[in-house]
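Asker: Just a sequence and a predicted model for now, questions to come.
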Amino acid sequence: MSASAVLRSRARRRASTRGGAAMVLGEALAVLVAVLVFAVFLALVGAEPWAVLGDMVEGAFGSTFSLQNSLVRAAPLMLTALCTLLPARIGMVVIGNEGALLAGGLGAAASATLLAPHASAPWVLLTALVAGALSGALLIAFVGALRVYRGVNETISSLLVFYIALALFLYLVEGPLRDPASLNKPSTLPIAEAHMLGSLPGLDVHGGLALGILCCLVASGWASPFTSARPTCSPRRRSSRASSSAPSATTRACVRPFASTVCSSWASRWCR
């Protein structure tokens, strides 16, 4: 490797480090501002702000049980966050990711319930994982298709599609998939322990936490805002995409480089 290539590599690494520090600082500042605004609201309604905030911290991290409970709830939220991050990689703002969460949970529960009497436990678990992932992915793919082929704003459509997913979820859980034993609190049929992800060693937290962390690490390899290989559009395309009535051909022209960008972004991130 030539000296100039080494210098360029070091310069990119330093720029990436500075960019990462700036991002962390900005996120920390955003959290601090949110806490201060919440504290002001608590004071206005007559509550003791620091006592309430202390109780929140205690409830989330104050004991082993609280910490593990927080981690259990964090696992699906990691995957839900990726539902916003990945479309944002190509400039699409998707905020209806809760719909994908509902669709994924419904697909996993339905497939495990229907397949349990006919297949072994590993196949039921694998099918449930795939069905859950595909159910959520198809919902967001529908939002993307509306944007690409019909010019529908993905921010609005993803939010509205969430309500469709919620209605479908409630209908199936309270109807065809309902457990007859669940009277006051409708739910699906119980899923056997063998058909669910087991707990992590030494923790009362299911393996979904490790899966969520792994997916986030994989996504960070090419969805990082500091990778140099970003899918970009020409100024003409960007200006036309900003319009709600943007033609689908223009949007597709901006989306097509996305797949190849994944590979080049991984290379630029790990081979610097």
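Answerer: Thanks, I have the structure now.

Asker: okay, stretch 27-41 in CSV with CA atoms only?
Answerer: Output of stretch 27-41 as CSV, limited to C-alpha atoms (Å, rounded to 0.1, in the frame of the first residue of the first chain):
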residue,chain,number,x,y,z
GLU,A,27,-27.8,11.9,21.2
ALA,A,28,-26.7,12.5,24.8
LEU,A,29,-27.8,16.2,24.4
ALA,A,30,-31.2,15.1,23.0
VAL,A,31,-31.8,12.8,25.9
LEU,A,32,-30.8,15.5,28.4
VAL,A,33,-33.2,18.0,26.8
ALA,A,34,-36.0,15.4,26.9
VAL,A,35,-35.4,14.7,30.6
LEU,A,36,-35.4,18.4,31.4
VAL,A,37,-38.6,19.0,29.5
PHE,A,38,-40.2,16.1,31.3
ALA,A,39,-39.0,17.4,34.6
VAL,A,40,-40.5,20.8,33.9
PHE,A,41,-43.8,19.1,33.0
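
Asker: Buried residues, it. List them.
Answerer: residue 39 (16 or more other CB atoms under 10 Å). (Each C-beta comes from the backbone N, C-alpha and C, glycine too.)

Asker: Kindly report the same for stretch 104-122.
Answerer: Under 16+ other CB under 10 Å, the buried positions of stretch 104-122 are 104-113, 115-116.

Asker: try stretch 85-99
Answerer: Residues 85-87, 89-92, 94, 96-99 are the ones in stretch 85-99 that count as buried (16+ other CB under 10 Å).

Asker: quick one on the thing from earlier: so can I have CSV of the buried residues of stretch 104-122 showing distance to residue 218?
Answerer: Formatted as CSV, the buried residues of stretch 104-122 follow (distance: CB to CB, whole Å):
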residue, distance to residue 218
104, 18
105, 22
106, 25
107, 21
108, 20
109, 25
110, 27
111, 24
112, 25
113, 29
115, 27
116, 30
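
Asker: still on that earlier bit, I'd like to know which of the buried residues of stretch 85-99 is nearest to residue 32.
Answerer: Taking CB to CB as the measure, residue 32 lies nearest residue 85 of the buried residues of stretch 85-99, at 22.6 Å.

Asker: Counting by contacts, list what the helix or strand containing residue 216 packs against.
Answerer: Residue 216 belongs to helix 208-223 when assigned by DSSP states H and E. Using 3 or more CB pairs under 8 Å, 6 or more residues apart in numbering; DSSP states H and E, the elements in contact with helix 208-223 are helix 64-88, helix 258-270.

Asker: quick one: it to helix 64-88, angle?
Answerer: Interaxial angle, helix 208-223 versus helix 64-88 (axes from the mean of the first three to the mean of the last three CA atoms, to 10 degrees): 30 degrees.

Asker: Take helix 208-223, keep the C-alpha atoms, and write them as CSV.
Answerer: What follows is helix 208-223, C-alpha atoms only, in CSV (Å, rounded to 0.1, in the frame of the first residue of the first chain):
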residue,chain,number,x,y,z
GLY,A,208,-34.1,-12.7,21.2
LEU,A,209,-31.8,-10.2,23.0
ALA,A,210,-28.7,-11.8,21.4
LEU,A,211,-30.5,-12.0,18.0
GLY,A,212,-31.5,-8.3,18.2
ILE,A,213,-27.9,-7.3,19.1
LEU,A,214,-26.6,-9.4,16.3
CYS,A,215,-28.9,-7.8,13.8
CYS,A,216,-28.0,-4.3,14.9
LEU,A,217,-24.3,-5.1,14.6
VAL,A,218,-24.8,-6.5,11.1
ALA,A,219,-26.9,-3.5,10.1
SER,A,220,-24.3,-1.1,11.5
GLY,A,221,-21.8,-2.4,9.0
TRP,A,222,-23.5,-0.7,6.1
ALA,A,223,-26.2,1.5,7.6
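
Asker: Pull out the buried positions in whichever strand or helix holds residue 161.
Answerer: For residue 161, the element it lies in under DSSP H and E is helix 154-174. For helix 154-174, the neighbour count (16+ other CB under 10 Å) marks 154, 157-159, 161-162, 165, 169, 173 as buried.

Asker: Just the buried positions in stretch 197-211, please.
Answerer: For stretch 197-211, a neighbour-count test (16+ other CB under 10 Å) marks 197, 205-206, 208-209, 211 as buried.

Asker: which phi and psi does residue 202 have?
Answerer: In terms of degrees, to the nearest 10, the main-chain angles of residue 202 are phi 80, psi 0.
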